[in-house]
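Undergrad: pasting the sequence and the predicted model now:
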Amino acid sequence: MSARLHTIVALVENRPGVLNKIASKWRQRGFNIESLTVGHSEVPGLSRMTFTVDGAAHDIEQVTKQLYKVIEVVKITDVSDEQVVARELVLIKVATSKDTRSAIIEIVDVFRAKIVDVGSDSLVVEATGIEDKVDALIGMLTPYGIKELVRTGRVAMVRGGLSTVAAPAVDGAGRHYKSAGEGKPKVGSLI
Amino acid sequence: MTKFNGAEIIMECLRKEGVDTIFGYPGGANLPMYDALKKYPDIKHVLVRHEQSAAHAADAYARVSGKAGVCWATSGPGATNLVTGIANAWMDSVPLVCITGQVVSWLLGRDGFQEADITGITIPITKHNMLVLDVEDLAPAIAEAFHVATTGRPGPVLVDIPRDVQQALCEFNYPEKVELAGYQPKVAGHPQQVKKAAQLIAESEKPLILAGHGVVISRAAGELKELAEKAQIPVISTLLGLGGFPGSHELFMGMPGMHGMYWNNLGIQESDLLIAIGMRFDDRVTGALKDFAPNAKIIHIDVDPAEIGKNVKTALPIVGDVRTVLQQLLPHVKPARHDAWRGWFADMRQKHPSIAIPETDRILPQYVIKKIYELSGPNAYYATGVGQHQMWAAQYFWGDNPYSFVTSGGLGTMGFEVPAAIGTQIARPHDTVWAFCGDGGFQMTMQELALCTEYELPIKFAIINNNYLGMVRQWQDRFYDGNKQSVRMFQPDFVKLAESMGITGIRVSDKAQVESSIEAALRHPGAVLIDFQVEEAEDCYPMMPPGVSLSDTIDQPKMQQPEFAR
């Protein structure tokens, strides 16, 4: 069971302290979170988190089981073995001069990235894609001098009509949700 | 509708939940709660001398009564003093509702006087915790706390309430039902899995039941007995599972593990099927995992899915409430005899009498504990501390009452015994309650003796006084070349201490006085402390040294020698 990067999607009630509780479970088992994004989901009051974590499948499963125990976690799924669309967004502020500007614009075009801000001695490039593409773009721009860089980390969505991570049905507004079926997905096969 | 202030809403909630006792300590940030107390005379407040004891007493109260224990404290140091008690309840899956006062909401995060981020601090040791910032959320939060604490795998829940929220006014509406999308504990086991379990049991020639705290918590002692008797399966009870199967039963094999019975540790290695019920394969039970139960398939019944596969590989997991799952399982189980297997145990017990007590004029600690059990009868309750005396108390335990052995298992909290005995006696005012105390642990919480006088609690304290931190001394002797460091300490005069607290003190230094002092304590209507001056150098055996396998358990190294002095 070798270590590899896992993508984990969690739907959580948007209540204070949730992020802290979830991060605490990873910390307790000695995991380093590679990336983490949080934002609203399709259901008001439920936030969607995407983690990428490096580790062996068994260890990751242990932590996701512990994460189930966080009361505010409504659903948590390891989508690493699913067919997913995974993306991250990057903003890169790259140094420019009269001599380099056109070369940079050419690179940006090849990567289907966008220039979203132009300054006298710099450009801000926005790109979206899988990590490899973002890495490659950064590699190409590095020789020109990267002054500032920010990456969102991965967000992921399972392909096709059936979703393994969709939120359960909501019963009324506010903090209490009623889940469809048995609620959380089962861990393991028949338990 | 009448409006209540936040503190009164807390009390209304407690009344709705049927709470009759709160263990607590006042301070600046929970004064409104104390102000509200006088309007609720049906709810008794027990004033401890240190907040840690409030949590421990509520913990023991919960274990014995089967209801959630309730404790409260003020902000800052009051709240942080609860932490050890909360961690203890967390490790042993005890339903505890802890209510802490907090600095006024506009001072939060500004290092106000007596501010501590108690919700932050307790994240890893609570099942759930909440900071309530609006009085409208208070009743739902407390309802949620009780719901979460008492259902599924029970555990402590903390509700932190700023003082201004306790003073704000609001109507009282208690939610009839708590529904949480992210919390739906499974009750029934998967029917297919249950049938497969019955099949595995039928195929097994050497089945063993490992019964844990889950049997006690889910009140499944009756179902467990039925299962064991139907298929004639020997039952091993973990430390926290003691009482879950009758100690006097012929199928009862005692405790396994680090200081467990020799026959059990070898039996686990010999077994072809372990039926683990409401237990979590703690390292003190399994020894080295790679060598654990090499011949056995494992059926693991537990309410917490996170326990499945955590420590051992399971052939057949069943997630669900122990009692419900056993009820599902029983009709499928075929009657069996397992004569040869039971004969194996009888033979092992004959050859390795693990806990036989040698004849000597000195007072052996095991002897004292055994005598207390014999003389107190089957209906007494026992709270223990942590260390050698706890292991002896567990080894000689023979009670049939599932809730009568109150001990700190997972966290191993020295000093638990005194407040735990208090919580136990308050839950069972008419029963005999013994506190088995170590002379070290006792000094951690002995201030609580005063409560015996204040609340007329007739607890019998037995200090198993070997004038050492005995278990640490045993390890230093065994694993650190006898380099005894910081295990001997100045002791107060425990008899005078008892008297100063208003309770009777007896010192026993002669073996002939052991029985008579126990009888005197049992006859005495009030609290009694007996300082048993036991053999200092006695070690606790059997022992499985840390890190080795169950097969390498040492039974009784001294049993072979004619004289047992070192």
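TA: Here it is on my side, so go on.
Undergrad: residue contacts, the nearest residue to A:Ser97 once chain neighbours are set aside?
TA: Nearest residue to A:Ser97, sequence neighbours excluded (C-beta to C-beta, 6 or more residues apart in numbering or on different chains): A:Asp121, at 6.9 Å. Every C-beta, even on glycine, is put in place using the N, C-alpha and C of the backbone. A:Asp121 makes contact with A:95-97 under the criterion C-beta atoms under 8 Å, 6 or more residues apart in numbering or on different chains.
Undergrad: now, of those residues, which are buried?
TA: Burial by neighbour count, 16 or more other C-beta atoms under 10 Å in any protein chain shown: within the contacts of A:Asp121 this picks out A:Thr96.
Undergrad: and which of the contacts of A:Asp121 is nearest to B:Met33?
TA: Comparing these against B:Met33 with C-beta to C-beta places A:Ala95 closest, at 61.7 Å.
Undergrad: closest to chain B among the contacts of A:Asp121?
TA: Checking those against chain B with C-beta to the nearest C-beta, the nearest one is A:Ala95 at 39.8 Å.
Undergrad: in this structure the closest one contacts A:Ser122, no?
TA: Yes. A:Ala95 is within contact range of A:Ser122, at 5.6 Å (criterion: C-beta atoms under 8 Å).
Undergrad: list residues touching both of these two?
TA: Listed as contacting both A:Ala95 and A:Ser122 by C-beta under 8 Å, 6+ apart are A:Lys147.
Undergrad: now the strands for the stretch 101-250 of chain B?
TA: B:128-131, B:156-162, B:169-171, B:207-211, B:235-237 (DSSP state E, counting those that start in this stretch).
Undergrad: can you report phi and psi for B:Leu133?
TA: phi -110, psi -10 (degrees, to the nearest 10).
Undergrad: the residue nearest to it when sequence neighbours are not counted - how many residues pack around it?
TA: Leaving aside its chain neighbours, B:Leu133 sits nearest to B:Ser105 (5.7 Å; criterion: C-beta to C-beta, 6+ apart). Look at B:Ser105: counted by other C-beta atoms under 10 Å in any protein chain shown, it has 17 neighbours.
Undergrad: B:Ser105 and B:Val132 touch, don't they?
TA: No. Counting by C-beta under 8 Å, B:Val132 is not a contact partner of B:Ser105; they are 9.6 Å apart.
Undergrad: what residues are shared contacts of these two?
TA: B:162, B:165.
Undergrad: before we move on, the earlier item: would TSV of the strands of the stretch 101-250 of chain B with mean pLDDT be doable?
TA: What follows is the strands of the stretch 101-250 of chain B, written out as TSV (pLDDT from 0 to 100):
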stretch	mean pLDDT
strand B:128-131	96
strand B:156-162	98
strand B:169-171	97
strand B:207-211	98
strand B:235-237	98
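Undergrad: for chain A, find the nearest of the ones you listed.
TA: strand B:128-131 (4.5 Å).
Undergrad: quick one: buried residues of the top strand by length along chain A?
TA: Counting by DSSP state E, the longest strand found in chain A is strand A:84-95. Neighbour counts over strand A:84-95 (16+ other C-beta under 10 Å) mark A:84, A:87-88, A:90, A:92-94 as buried.
Undergrad: so what touches that strand?
TA: Applying C-beta under 8 Å, 6+ apart, the contact partners of strand A:84-95 are A:7, A:35, A:104, A:116, A:121-131, A:134, A:137-138, A:141, A:144-159.
Undergrad: parallel or antiparallel, which strands does it pair with?
TA: Paired neighbours of strand A:84-95 in the sheet (DSSP bridges): strand A:122-129 (antiparallel), strand A:146-151 (antiparallel), strand A:155-158 (antiparallel).
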